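*Asks:* Here is my input; please provide its structure:
(one chain, ligands or ions: 1)
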Amino acid sequence: MRGLSGLWPEVNFPFTLAPMVGLSHVVLREVVRDYLPTDAKTIWPTEMLNSRRLPYQDMGKTPETLISSRDELLIPQILGNEESFIKKSLIKLEELKIRGLDINMGCPVQKALKHNYGVALMGDPTYAQSIVKMTCAATDLPVSVKLRVGLHKDEKDFLSFCEGLVKAGASLLTLHPRTAAQKRRGSADWNQITLLKNHFQTPIIGNGDVQTYKDALRMREETGCDGVMIGRAMTVRPWIFWQLGEELGLKPPKGLEERKAPRDPYEEAKEYGKVVKRYSELCFQYFGPVLALRKIKFFLRVSSPWLNFGHSMTKHLGKCKELNEFVDVSQHFFENEGLCLNEYTALTY
Ligand SMILES: Cc1cc2nc3c(=O)[nH]c(=O)nc-3n(C[C@H](O)[C@H](O)[C@H](O)COP(=O)(O)O)c2cc1C
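*Replies:* Predicted coordinates for the structure are as follows:
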């Protein structure tokens, strides 16, 4: 593979899960990894980690830093804007054998704008560069930045902002091509990914609105990006990696050698039932019952827009409190005929 293997030689699969608060924790990584083609290697995110809190936390003990024995090539994402906290966070994170660090310059929430972190940094190019510079000075690991197209759309400013990051030492840029004001509304403008790719030698990961494996392949084809990052769709269709593996002629995921990846909407609905069961079991195992319930409900909420049975599923699963109830319902509910996953949906979360 072009760009990413230059940073991590073992990476040979140019598709990756997106960092998402409340979702891209150990459990979703495990579920997605179940569908990773055998021998395929990619990079993995964490949830966004707050650099002001990390230095005082026990790594591998908080829900956001829990890892499994299969976790590898972890590139945690941090939110931060102060040298001392970033340095201390790096020391802590190195306990998790991380392979890089991603700086969040895309978070558009009001709090981030007020405290000059996340996407707010895109309004302050000099400061943003200094953060990258100080982070690179504190580690030999590759430092990446995940960003948007800016606070407002202005191609010249955007390119000059990115040039500053690269000059400061960023080895990878991941672009979610929406403005800050758009949050996750409207559509991601993939032309901006092409713009970056054509302008820089630095590897570029494209992100935004990939709902199916076909979209992932199309994003690569149309933009020439070095990697495709998938967020929300991974909550409903974590087997996109399996489908991509089939398209690329890779070996099936371990344990799935006898099967083909689900393709039609009915097969996909059945597979989603298996995912809900596995996700629930792992949430109880890793997070304990109270947090597990919150995490499962959030996962169902983000994935439900694709389901033609969203309401009825929420009615059934929404009442569950214990793991055996989730397992029972996900086993029986998904035997119903006529359940299907829509290929595309209006992305509402
Ligand atoms: C629930 C949720 C939480 C998110 N949290 C983060 C985050 O912590 N850091 C980040 O860089 N992006 C975050 N994002 C944005 C995603 O990484 C991604 O850029 C965005 O969802 C567009 O990709 P998609 O269309 O594939 O979902 C979040 C998105 C969602 C839906």
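
*Asks:* near the ligand, which residues of this structure?
*Replies:* With C-beta under 6 Å from any ligand atom as the criterion, the chain meets the ligand at residues 18-23, 48, 77, 104, 106-107, 146, 176, 184, 207-210, 230-233, 302, 349. For glycine as for every other residue, the C-beta is placed from the backbone atoms N, C-alpha and C.

*Asks:* Now list the buried members of those.
*Replies:* Using 16 or more other C-beta atoms under 10 Å as the burial test, these include 18-20, 22-23, 48, 77, 104, 106-107, 146, 176, 207-210, 230-233, 302 as buried.

*Asks:* ok so, going back, sitting in helices, which of the residues of the chain next to the ligand do you find?
*Replies:* In this view, those that belong to helices under DSSP state H are 233, 302.

*Asks:* Pick out the residue in the stretch 101-250 of the chain sitting closest to the ligand.
*Replies:* Gly231 (2.7 Å; C-beta to the nearest ligand atom).

*Asks:* In space, what's closest to that residue - neighbours in sequence excluded?
*Replies:* Nearest-residue entry for Gly231: Ala18, 3.4 Å, with adjacent residues in sequence omitted and distances by C-beta to C-beta, 6 or more residues apart in numbering.

*Asks:* Next one: that neighbour from Leu147, what distance?
*Replies:* 13 Å (C-beta to C-beta, to the nearest Å).

*Asks:* secondary structure element for Pro289?
*Replies:* Here Pro289, judged by DSSP states H and E, is contained in helix 265-303.

*Asks:* In terms of secondary structure, what does that helix contact?
*Replies:* The helices and strands touching helix 265-303, judged by 3 or more C-beta pairs under 8 Å, 6 or more residues apart in numbering; DSSP states H and E, are helix 26-33, helix 233-236, helix 310-318, helix 323-333.

*Asks:* my read: Val275 touches Leu28, true?
*Replies:* No. With contact defined as C-beta atoms under 8 Å, Val275 does not count as touching Leu28 (9.9 Å).

*Asks:* any shared contact partners between the two?
*Replies:* Shared contacts of Val275 and Leu28, defined by C-beta atoms under 8 Å, 6 or more residues apart in numbering, are found at Pro238.

*Asks:* wait, what's in contact with Trp239?
*Replies:* Contacts of Trp239 were listed using C-beta under 8 Å, 6+ apart, and they are 35, 261-262, 268, 271.

*Asks:* and which of the residues you listed is nearest the ligand?
*Replies:* Tyr35 (16.3 Å).

*Asks:* so how far is Tyr286 from Asp226?
*Replies:* Taking C-beta to C-beta, one finds Asp226 at 31 Å from Tyr286.

*Asks:* picking up where we left off before, out of the helices and strands packed on helix 265-303, deepest packed?
*Replies:* Mean neighbours per residue, mean count of other C-beta atoms under 10 Å, is largest over the helices and strands packed on helix 265-303 for helix 233-236, with a mean of 25.

*Asks:* Excluding its own residues, what touches the next helix or strand after that helix? List them.
*Replies:* Downstream of helix 233-236, the first helix or strand assigned by DSSP H and E is helix 240-247. Helix 240-247 is contacted from outside by 13, 15, 32, 35-37, 40, 212-213, 216-217, 230, 233-234, 251-253, 256, 260-261, 263, using C-beta under 8 Å, 6+ apart.

*Asks:* Of these, which belong to helices?
*Replies:* Using DSSP H, the contacts of helix 240-247 in helices are 32, 213, 216-217, 233-234.

*Asks:* Tell me which two of those sit farthest apart.
*Replies:* Using C-beta to C-beta, the pair of the ones in helices among the contacts of helix 240-247 lying farthest apart is Val32 and Leu217, separated by 17.6 Å.

*Asks:* got the contact list for Lys111?
*Replies:* If you count contacts by C-beta under 8 Å, 6+ apart, Lys111 has none.

*Asks:* Great, nothing more from me.
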